[in-house]
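J.: make a model of this:
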Amino acid sequence: MKVRKIWPVIKWVLFLPIMFVFYVVVNLFHATLTDFEPPEKTILDIKKNGRNELITSPTLSFLNWNIGFAGMGEKSNFFYDSNQSFFFSNGKMVRSPKAFVDENLEGIIDFIQSNPTDFVLLQEVDRSSKRSYYQNQHDLISARLNGYSQHFAFNYQVARVIIPLFNPWNVLGKVASGLSSYSTFNPISSDRYQYPGKYNWPDYLFHLDRCMSVQRYPTSQISGKELVVINTHNSAYDKGYLKPKEMAYLKTFLLAEYEKGNYVVVGGDWNQNPPGVSNDQVSIAASVLPNIPYQSSQIDDNFMPKNWKWVFDPLVPTSRSLVDVLDYGKTPVALIDYYLISPNIEIIEVKGFNLKFQHSDHNPVMMRVRLKELQ
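T.: Residues are numbered from 1 along each chain as shown. Got it, this is the predicted structure:
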């Protein structure tokens, strides 16, 4: 009699773990079958809406910004920043409310429009993701940037991201996101280059496929020199496993382009401090309490030849911790968004905009340069 009474309980105790294992196995199988595996080089579509076909003025301006898919503004935190766990959200946000995303995206677009530049390099731009309520953010931004050529390179395509694993009712879900590049000039080519290295299975199924987006612009009908503009977003959370491979690949690419006589500009979210910059320095300059842990490695001083220039504003932090919603002055910050330019380019001005992470967990950085000996 007692066995009959407890049997339904036993069945549920056995049934629930079996169903959970089935759920995980099915999702892993589906993710493996649908895994995004881009080749080393992919030719990107070009929408030639730029106002200019040839760069004739030596002075150019750039805006670089990781917009955090408009879901990482001052009111948001993120579960993965808290414990880097696949398993639980621990009360943190998996997705920001739609009202936050709408408000942030509007603020991001307004800023870009109010601070026009020749080139706009954006990272973490969603095209169809559950986390940003399936907005096509690239097109929404493009629609407000009249007279700009447009380029988009996917670096995150997963049919269903199943983390946090033990919250199957509240997972990241579908993600389609990448790098958006815009210019008032029309390029002669636009390509996506896949960075080398990947995590082990099954981790790589749910992480970004890191890449750089490369556009080439003619600068002279006589010399044949090109301006090569690169939008990059390097690995985070990799604990030093992937970034060295990505950086070695990038260095080889840059030096080869400069050897051809081309001008080279790289902008992006490097997920590491530039040479000679510590988090304490950035924190003190931004009136943020120093000596608070923030995971951020640093590029070696000797990584590039000395005549290449790292361009950043040392007074403005560009990234903040997402462990909690923003408490400016206490929330840890870092400087991981900046530029690298070739020796044949002269820096005129660099300006970080301390928006205090109102619409993204990153701040934008603007730069003006002069191309030397432009003919």
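
J.: which parts of the stretch 251-375 of the chain are helices?
T.: Taking DSSP state H, counting those that start in this stretch, the helices of the stretch 251-375 of the chain run over residues 279-285.

J.: surely residue 17 is within a helix?
T.: Yes: Residue 17: assigned to a helix according to DSSP: H, G, I helix; E, B strand; the rest coil.

J.: all numbers from here: first residue = 56
T.: Yes, from this point I'll number from 56; that puts the last item at residue 72.

J.: what's the longest strand in this structure?
T.: strand 204-216 (DSSP state E).

J.: so where's the stretch 306-430 of the chain shaky on pLDDT?
T.: Applying pLDDT under 70 to the stretch 306-430 of the chain flags residues 346-351, 430.

J.: spatially nearest residue to residue 160 (excluding sequence neighbours)?
T.: Closest residue in space to residue 160, ignoring its immediate chain neighbours: residue 125 at 3.9 Å, by Cβ to Cβ, 6 or more residues apart in numbering. Quick note: C-beta positions are derived from backbone N, CA and C, even for glycine.

J.: point out where the stretch 106-255 of the chain drops to low pLDDT.
T.: Scanning the stretch 106-255 of the chain for pLDDT under 70 picks out 138-140.

J.: try it again with 90
T.: Applying pLDDT under 90 to the stretch 106-255 of the chain flags the ranges 106-108, 134-146, 218, 220-224, 253-255.

J.: can you map out the helices along it?
T.: 134-138, 153-169, 192-199.

J.: quick one: closest of those to residue 372.
T.: helix 134-138 (15.7 Å; Cβ to Cβ).

J.: now do the same for the residue lying closest to residue 260 once chain neighbours are set aside: helix, strand or coil?
T.: In space, and not counting its chain neighbours, residue 260 is closest to residue 86: 4.2 Å by Cβ to Cβ, 6+ apart. Assigned by three-state DSSP, the conformation of residue 86 is helix.

J.: domain ranges for this structure, per the record?
T.: For the chain, automatic domain parsing gives the domain ranges 56-88, 94-426.

J.: and the most centrally placed residue in the chain, bridged to which residues?
T.: Residue closest to the mean C-alpha point of the chain, counted by Cα atoms, centre = their mean, is residue 178 at 3.7 Å. Assessed by DSSP bridges, residue 178 has beta-bridge partners residue 121.

J.: correct me, but it touches residue 286?
T.: Yes: here residue 178 reaches residue 286: they are 7.2 Å apart, a contact under Cβ atoms under 8 Å.

J.: hey, what's in contact with both of the two?
T.: Shared contacts of residue 178 and residue 286 (Cβ atoms under 8 Å, 6 or more residues apart in numbering): 234, 323.
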